[in-house]
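**Q** coords please:
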Amino acid sequence: MLDSRTAPYAALVLRLALGVMFIAHALLKYTVFTLPGTVKFFESLGLPGPLAYLTFAAELVGGALILAGLGSRYAAAALVPVLIGATWAHAGNGWLFSAPNGGWEYPAFLAAAAIAQALLGDGRYALANVWFNRNPGRVYA
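**A** Numbers count the residues shown, from 1 in each chain. The predicted model follows:
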């Protein structure tokens with residue numbers, strides 16, 4: 001049974017954590033690995049290099065939307081294929097993400113978290129409720 005007293009806080013915690021994680025991963029690609037380095041990594045996997053730029057943009061913009069609570073449901077759903085791709089990219093490295101070159105457990109968990117966010121939506125404590133004049137008394141869990 002869903003506890004309507006705590007569900008809005010659960011949705012908020014998930015949304016904030018997932019949004020920050022996506023932004024952090026985008027910035028990691030930009031500042032540490034660099035975008036040209038990320039392109040080379042994608043190409044080493046047999047993926048088209050320009051897909052690295054799309055992945056960076058999706059993580060940055062999608063993470064910001066999720067963090068703010070503006071279309072979280074759609075942003076999270078749109079990022080699930082990125083996470084499935086990351087799971088595939090790390091599948092050969094073993095299960096644990098602490099394995100050399102990172103395992104697949106972390107991106108797989110994040111895919112599940114993004115699916116949960118897509119099912120939950122923005123939640124009560126989101127900018128969408130203010131900007132789009134949603135009923136503040138309704139439980140957005």
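**Q** Longest helix of the protein, counting residues only.
**A** Under DSSP state H, the helix in the chain containing the largest number of residues is helix 7-31.
**Q** Which elements pack onto that one?
**A** Counting contacts by 3 or more CB pairs under 8 Å, 6 or more residues apart in numbering; DSSP states H and E, helix 7-31 packs against helix 50-68, helix 72-90, helix 105-120. Using the backbone N, CA and C atoms, a C-beta is placed for each residue, glycine as well.
**Q** which one of those helices lies closest to L2?
**A** Among the helices and strands packed on helix 7-31, the nearest to L2 by CB to CB is helix 105-120 (10.5 Å).
**Q** pLDDT of the closest one, averaged?
**A** Regarding helix 105-120, the rounded mean pLDDT is 96.
**Q** ditto for stretch 76-91
**A** Here the average pLDDT along stretch 76-91 is 96.
**Q** what does that stretch contact?
**A** 18, 22, 45, 47, 55, 58-59, 62, 66, 97, 101-104, 106-108, 110-111, 114-115, 117-118 (CB atoms under 8 Å, 6 or more residues apart in numbering).
**Q** could you flag which of these are buried?
**A** Buried members of these, counted by 16 or more other CB atoms under 10 Å: 18, 22, 47, 55, 58-59, 62, 66, 97, 102-104, 106-108, 110-111, 114, 117-118.
**Q** That's all I had, so thanks and see you.
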